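Visitor: whatever this is, show me its structure:
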Amino acid sequence: MATRGTRIVGVGTATQPNSYTQTELLDHFGITAPRVRGVFLNGGIERRYLHLPDAGPDGAPVVESQGELLDKHRADGVAMGAQAVRTCLKRAGRDLSDVRFLCSVSSTGWVTPGLSALLCRELELSWDCGRLDVVGMGCNAGLSALPAVTGWAEQHPGELALLLCVEVCSAAYVFDSTMRSAVVNSLFGDGAAALAVIRDEPEQARRAAGPEILGYASYLIPDSLSAMRYDWDSGHGKFSFYLDRDIPYVVGAHAERVVDKLLARAGLGRRDVAHWVVHSGGRKVIDAVKINLGLTRHDLRHTSGVLRDFGNLSSGSFLFSYERLLEEDVAQPGDYGVLMAMGPGSTIETGLIRW
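Guide: Down below sits the predicted model:
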């Protein structure tokens, strides 16, 4: 378990300026195939925030090169990331000058120097702010990186550390008529989410702070190593994402062992958990987690709501759900919560928090 006294003190999210219904996206790209339209319209998603390519002379969306997609990732990532950080700090009652460590997470593009450096410049953070970039881990990456952020906070009591997840899924799309592309293109949206943590605040500040981070548990399923992957598509000359159709069942089948391990370390069972903050991986993933953990629709209301309103936001999805839980203002002192995210590996990451 993590060292006691490290708390979450703020969260903030950001999206692209424009959002689209699933029907609008189908019409925009001229998709008429019934099977593909069915994938878009039956996945539990109503709307997503995206940066779509401009229309060409023929009215059809322009095909973007890999270089143009990387430029989009850089520019949009910095814009959304900066907005999420500012919102997070406002909720935490902190200033940009208080940020002492920034961990930037992304799986939808590569840039060197990383987004952490670009955001330090954009936000004019202190020149000696600690930085870490976590790249390419996928939808579990935000929760995979959180132990590094809390670990830094534990080593620097009283200093503010930020986790920032930035995913420009618009910069990771391949458009064609295959079902492989249809599944991916129907699911992901753009978004950024920031989380602020600190250890050993003054007593007065602690009373008003968010939950304490108690610990983490991870689980790798090596038999499904290639079930979720982001690799080079030589036919299109760009990177593309692949999702195995059986991945919801793989994740569901292994969810119990990692969650029970997390809770057992604290002497808890699933019935002791009041709040579940789960990655919005897709309708089938959510259903598989619900069934295998014995949860209710109410338990996963924020997870399903984020999927409906934003799609799968990759590494930052669980933070969007956490933000909604805070806005609901139902957590009481002493309540336990479980954070959970799933991604390539296949990997299941969990965290335990207490208000």
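Visitor: contacts, neighbours, all on C-alpha from now
Guide: Will do.
Visitor: just how off-centre is stretch 330-341 within its chain?
Guide: Using CA atoms, centre = their mean, to the nearest Å, the mean C-alpha position of stretch 330-341 is found 18 Å from that of the whole chain.
Visitor: for that stretch, give me every contacting residue.
Guide: Residues outside stretch 330-341 that contact it (CA atoms under 8 Å, 6 or more residues apart in numbering): 139-140, 143, 272-279, 315, 318, 325, 348-355.
Visitor: hmm, which of those residues are the buried ones?
Guide: Buried subset of the contacts of stretch 330-341 (neighbour count, 16 or more other CA atoms under 10 Å): 139-140, 143, 273-279, 315, 318, 325, 348-355.
Visitor: sitting in helices, which of those residues do you find?
Guide: 143, 318, 325 (DSSP state H).
Visitor: gap between the last one and residue 10?
Guide: Between residue 325 and residue 10 the distance is 13 Å, computed by CA to CA, to the nearest Å.
Visitor: among the contacts of stretch 330-341, which lie within strands?
Guide: Among those, the members found in strands (DSSP state E) are 273-278, 348-354.
Visitor: output these as JSON lines; include the columns pLDDT and distance to residue 39.
Guide: Rendered in JSON lines, the data for those read as follows (pLDDT from 0 to 100; distance: CA to CA, whole Å):
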{"residue": "273", "pLDDT": "98", "distance to residue 39": "34"}
{"residue": "274", "pLDDT": "98", "distance to residue 39": "33"}
{"residue": "275", "pLDDT": "98", "distance to residue 39": "30"}
{"residue": "276", "pLDDT": "98", "distance to residue 39": "27"}
{"residue": "277", "pLDDT": "98", "distance to residue 39": "26"}
{"residue": "278", "pLDDT": "98", "distance to residue 39": "22"}
{"residue": "348", "pLDDT": "96", "distance to residue 39": "25"}
{"residue": "349", "pLDDT": "97", "distance to residue 39": "27"}
{"residue": "350", "pLDDT": "98", "distance to residue 39": "29"}
{"residue": "351", "pLDDT": "98", "distance to residue 39": "32"}
{"residue": "352", "pLDDT": "98", "distance to residue 39": "34"}
{"residue": "353", "pLDDT": "98", "distance to residue 39": "35"}
{"residue": "354", "pLDDT": "97", "distance to residue 39": "38"}
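Visitor: next up, the contacts around the closest residue to residue 17 other than its chain neighbours.
Guide: In this structure, residue 17 finds its nearest non-sequential neighbour in residue 49, 7.2 Å apart by CA to CA, 6 or more residues apart in numbering. Contacts here follow CA under 8 Å, 6+ apart; on that basis residue 49 touches 15-20, 189-191, 310.
Visitor: could you check how far residue 178 is from residue 87?
Guide: 39 Å.
Visitor: ignore the last one, residue 355
Guide: With CA to CA as the criterion, residue 355 and residue 87 are 22 Å apart.
Visitor: how about the one helix or strand residue 121 maps to: buried residues?
Guide: Using DSSP states H and E, the element containing residue 121 is helix 115-123. Neighbour-count burial for helix 115-123 flags 115-120, 123 (criterion: 16+ other CA under 10 Å).
Visitor: go on, stretch 163-182?
Guide: Buried positions in stretch 163-182, judged by neighbour count with 16+ other CA under 10 Å: 163-174, 180-182.
Visitor: let's see which of those end up in helices.
Guide: Using DSSP H, 180-182 are the members of these that sit in helices.
Visitor: which one of these is nearest to residue 24?
Guide: Taking CA to CA as the measure, residue 24 lies nearest residue 182 of these, at 14.9 Å.
Visitor: that closest one touches residue 36, doesn't it?
Guide: Yes - counting by CA atoms under 8 Å, residue 182 sits close enough to residue 36 to count as a contact (6.0 Å).
Visitor: now the buried residues of helix 115-123 as CSV including distance to residue 135 and pLDDT?
Guide: Shown next, in CSV, are the buried residues of helix 115-123 (distance: CA to CA, whole Å; pLDDT from 0 to 100):
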residue, distance to residue 135, pLDDT
115, 10, 97
116, 11, 98
117, 14, 98
118, 15, 98
119, 15, 98
120, 17, 97
123, 21, 98
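Visitor: how about a markdown table for the residues you listed, with distance to residue 5 added?
Guide: Below are the buried residues of helix 115-123 laid out as a markdown table (distance: CA to CA, whole Å):
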| residue | distance to residue 5 |
| --- | --- |
| 115 | 29 |
| 116 | 26 |
| 117 | 29 |
| 118 | 31 |
| 119 | 28 |
| 120 | 27 |
| 123 | 28 |
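Visitor: tell me the one of those residues nearest residue 6?
Guide: For the buried residues of helix 115-123, the nearest to residue 6 is residue 116 (22.3 Å; CA to CA).
Visitor: the closest one: what's it in contact with?
Guide: By CA under 8 Å, 6+ apart, residue 116 lies in contact with 102-104, 131-133.
Visitor: where does the prediction get shaky in the stretch 51-200 of the chain?
Guide: Residues of the stretch 51-200 of the chain that meet the criterion pLDDT under 70 lie in 176-177.
Visitor: mind listing the strands for it?
Guide: 99-106, 130-135, 160-167, 191-199 (DSSP state E, counting those that start in this stretch).
Visitor: quick one: closest of those to residue 232.
Guide: Comparing the strands of the stretch 51-200 of the chain against residue 232 with CA to CA, the closest turns out to be strand 130-135 (15.8 Å).
Visitor: may I see the buried residues of that closest one?
Guide: In strand 130-135, the ones that count as buried by 16+ other CA under 10 Å are 130-135.
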